[in-house]
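J.: have a look at this fold, sequence not included:
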């Protein structure tokens, strides 16, 4: 289950990035500046999420908290059609120039969800290491799953989804998916007993 | 991070190889990978023609006769001018979205010297190519704006008599220049009784063509089509005036402009190809919107029209 969550979050990040190009085009065009803004903001979001996720994972991690991290971007996506258009139109009206307009719009629309989705990987890694003790293998597998999810998300969205449904509907669909994933996660009761973690035990052994 | 690098590497590997085979009579004058496309300038020494194209021969964007650079080489560029017969007055303010080799704005400017011309072109290298190889020159009456066409239209304060949409490449159509929202923005930049003309390529009748007809019909009250004979181009002429222009009035006006402006192309013949949009309208086709516009798929799908 928890591995599936990592896979899906990887898929949804890239799917959202592909859809992001469609969200920006009407107001900001499809110049290199738009692509540059889009990609760098997603990377910024992910790196902030990775950092934050690692820090949060060290404070009483539990699958219940993880569920909230997954649900938050889900709720953002579900309400995206409500704020996406108005924010994008407002930034267009402000006219900050061909470079800054799409950059600011990307930050406003895409940064927060990608921070949350970035949190998922390190947080899950911590939860799984606690229960498995084989940290290298676990972390490797999670990286692979997350990136494999991203590949699938990119391909499915650009090859198929975009040809069958509207952009707003697809983003809301991702929201529904994230919320649906977070519910069973919330009731899983996977926790990390701080005194019993593999890392701590390892530390004890080496001492 | 890693995933983006991987994606970049894969896309670079998939990027089609350049320097595709040239005919013995062809020589390459220039090539460049610009920000948006691979640009090739080719001269055919036997035919004495010069083209600008991407990768393949089918992807030719524009061209000129080397000995007569002021003539229009391609049929679709000639056919575009029939839309002037839908205008009851002289076009004073004109907007071209998409420059190509710059043949059309140059040809127009030579016949309508008083008109103020704006050209929106996204690719700065295309502007350089048009100037260097195709005798295109900017002046106080004709200005090129290096900007995304949609943004230029949205930001434009001015209104135009005649707007020419020619920003689609055969292998790449920017979806945000096909949607109902875009056409409404174009319409809002049109003076009363102004004319919009677009060049749509459709080698066989494909879903993209069907959707474009329906999208234009949703944005504009009147649409007339003209079909290319030598190429797979359709010229869409849309007007927002209260009355549609009948075929005989377009033919009469074409005859008049032909003589008055010394056109070296046969506008009267073009006008006789007038086809009302009902011929092609098919209600089963989807209207393209900012939310839903799968243009790249529709290009390769056959029309479902009966």
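T.: Sure, I can see it. What you are looking at is a predicted structure, and each value in this text was computed from that prediction instead of being measured.

J.: ok, which residues in the stretch 51-200 of chain B are in contact with chain A?
T.: Residues of the stretch 51-200 of chain B found near chain A (CB under 8 Å from any CB of the partner chain) are B:122, B:147-151, B:154-155, B:174-176, B:179, B:181-182. All C-beta spots, glycine's among them, are computed from the backbone N, C-alpha and C.

J.: what subset of these is buried?
T.: Buried members of these, scored by 16 or more other CB atoms under 10 Å in any protein chain shown, are B:122, B:147-151, B:154, B:174-176, B:179, B:181-182.

J.: which of the residues you listed fall in helices?
T.: Counted as lying in helices by DSSP state H, out of those, are B:149-151, B:154, B:181-182.

J.: from these, which is closest to residue A:154?
T.: Using CB to CB, residue B:150 comes nearest to residue A:154 of those, at 24.7 Å.

J.: ok, the closest one touching residue B:179?
T.: No. Judged on CB atoms under 8 Å, residue B:150 makes no contact with residue B:179 at a distance of 9.1 Å.

J.: name the residues contacting each of the two.
T.: Residues within reach of residue B:150 and of residue B:179 at once, by CB atoms under 8 Å, 6 or more residues apart in numbering or on different chains, are residue A:26.

J.: nearest spatial neighbour of residue B:99, chain-adjacent residues omitted?
T.: In space, and not counting its chain neighbours, residue B:99 is closest to residue B:121: 3.8 Å by CB to CB, 6 or more residues apart in numbering or on different chains.

J.: ugh, typo on my part, it should be residue A:99
T.: Closest to residue A:99 by CB to CB, 6+ apart is residue A:33, at 4.9 Å.

J.: what kind of secondary structure is residue B:191 in?
T.: Recorded secondary structure, residue B:191: strand (DSSP: H, G, I helix; E, B strand; the rest coil).

J.: so what's the spatially closest residue to it that is not a sequence neighbour up against?
T.: The shortest distance from residue B:191 to any non-neighbouring residue, by CB to CB, 6+ apart, is to residue B:159 (4.6 Å). Neighbouring residues of residue B:159 by CB under 8 Å, 6+ apart: B:93, B:189-191, B:194.

J.: what distance do you get for residue B:159 to residue B:254?
T.: 24 Å (CB to CB, to the nearest Å).

J.: do residue B:47 as well
T.: Using CB to CB, one obtains 29 Å as the distance from residue B:47 to residue B:254.

J.: between these two, point out the one with more neighbours.
T.: A count of neighbours by other CB atoms under 10 Å in any protein chain shown puts residue B:254 above the other of residue B:47 and residue B:254, at 24 against 14.

J.: surely the more buried one is in a helix?
T.: Yes. Remark: residue B:254 belongs to a helix, assigned using three-state DSSP.

J.: with adjacent residues omitted, what lies nearest to residue 146?
T.: No chain was given, so I picked chain A. Nearest to residue A:146 is residue A:10, by CB to CB, 6+ apart, at 3.7 Å.

J.: switch to chain B, please.
T.: Of all residues not flanking residue B:146 in the chain, residue B:124 sits nearest, at 5.0 Å (CB to CB, 6+ apart).

J.: so who does residue B:60 touch?
T.: Contacts for residue B:60 (CB under 8 Å, 6+ apart) come out as B:51-53, B:74.

J.: quickly list what it is bridged to.
T.: Listed beta-bridge partners, residue B:60: residue B:53 (assigned using DSSP bridges).

J.: heading C-terminal from the worst-scoring helix or strand of chain B on mean pLDDT, find the next helix or strand.
T.: Taking mean pLDDT, DSSP states H and E as the measure, the helix or strand of chain B with the lowest value is helix B:2-14, at a mean of 62. Going down the chain from helix B:2-14, the next helix or strand is strand B:26-33, by DSSP states H and E.

J.: now that following strand: mean pLDDT?
T.: For strand B:26-33, mean pLDDT rounds to 90.

J.: show me where pLDDT drops low in chain B?
T.: Residue ranges of chain B with pLDDT under 70: B:1-21.

J.: and the residue of it nearest chain A?
T.: As assessed by CB to the nearest CB, chain A sits closest to residue B:148 within chain B, at 2.9 Å.

J.: ok, now which ones touch the most centrally placed residue in chain B?
T.: The centre of chain B sits closest to residue B:166, judged by CA atoms, centre = their mean, with a distance of 1.8 Å. Taking CB under 8 Å, 6+ apart as the criterion, residue B:166 is in contact with B:80, B:96-98, B:100, B:104, B:198-199.

J.: then residue B:136?
T.: Per CB under 8 Å, 6+ apart, neighbours of residue B:136: B:99, B:101-103, B:105-106, B:130.
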